[in-house]
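>>> no sequence on this one, just coordinates:
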Ligand SMILES: Nc1ncnc2c1ncn2[C@@H]1O[C@H](COP(=O)(O)OP(=O)(O)OP(=O)(O)O)[C@@H](O)[C@H]1O
């Protein structure tokens, strides 16, 4: 089914070398298709965040290419980091409004979009609350609402749930899949967690460090929506075993 989806962007032969000859990435190739959910899974230092920053356009490759198919504009990408990075002095709705403010749109002209995004993450009742009044999971929901308020085609997520407790994390995993289905976006998701990558993704890109590189790509050919019972199924255990083995091999290769 993936093979029939249109290509969104293509990463070919991307190297990123930092000062001191740190090879953060060597020869990254990645084809991203519309509505893919791709996880980048690997040990610390294998270049996952570097890959996201390059795709986000926050950094440029030392060599190689990142090419978008079709028109590509500023609103195409939403980014979610591990920390919710909310403005503490601003209300929830003002935080979600930020991407529009940055391009000069007035709040009144985008109020409906802001409220719709808050509704999608289940926080419409908290639009006037301040970040300090919210739990960690709620702050992350605000961060997700802010990333998707402009309806970007691609959402990049860098370990967004790593700092949350397991129950909240599972809940947000479910909600993220539901949200993705509703808005029909593409997601590239960085994680250290085999279980999270299996539950969420249809493709898992396994990476190794020194130099940062892809060692294997696994498919999780399981239909969406994925019910909570998928977590305890034999199929899940089988995918998790394959991903763990690939991760172990990647760590040995480092
Ligand atoms: N701005 C920078 N300057 C120099 N070296 C950097 C810079 N950013 C990243 N690196 C190095 O590049 C390598 C890859 O880093 P990166 O943060 O992409 O890895 P990661 O897989 O995301 O790690 P983690 O899981 O710990 O976040 C590491 O060795 C890191 O120290």
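Right, received. Where do you want to start? These numbers were taken from a predicted model, which means no experiment stands behind them.
>>> surely residue 208 meets residue 41?
No: in this structure, residue 208 is not within contact of residue 41 by CB atoms under 8 Å, at 10.7 Å. From N, CA and C alone the C-beta is placed, and that goes for glycine too.
>>> of those two, which one has the most company?
residue 41 (28 against 23; other CB atoms under 10 Å).
>>> show me what contacts the more buried one?
Neighbouring residues of residue 41 by CB atoms under 8 Å, 6 or more residues apart in numbering: 48, 191-194, 197, 204-207, 243, 247.
>>> so which of those residues are in strands?
191, 204-207 (DSSP state E).
>>> now flag whichever of these is closest to residue 155.
residue 191 (14.1 Å; CB to CB).
>>> residues near the closest one, how many?
Neighbour tally, residue 191, other CB under 10 Å: 22.
>>> and it, bridged to which residues?
residue 41 (DSSP bridges).
>>> hang on, the earlier thing: just give me the closest of the contacts of residue 41 to residue 60.
residue 48 (17.7 Å).
>>> wait, doesn't that closest one sit right on residue 207?
Yes: using CB under 8 Å, residue 48 is in contact with residue 207, at 6.3 Å.
>>> got any residues that touch both of those two?
Listed as contacting both residue 48 and residue 207 by CB under 8 Å, 6+ apart are 40-42.
>>> now the residues you listed as CSV including pLDDT?
Formatted as CSV, the shared contacts of residue 48 and residue 207 follow (pLDDT from 0 to 100):
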residue, pLDDT
40, 97
41, 96
42, 94
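>>> among these, which are within reach of the ligand?
residue 42 (CB under 6 Å from any ligand atom).
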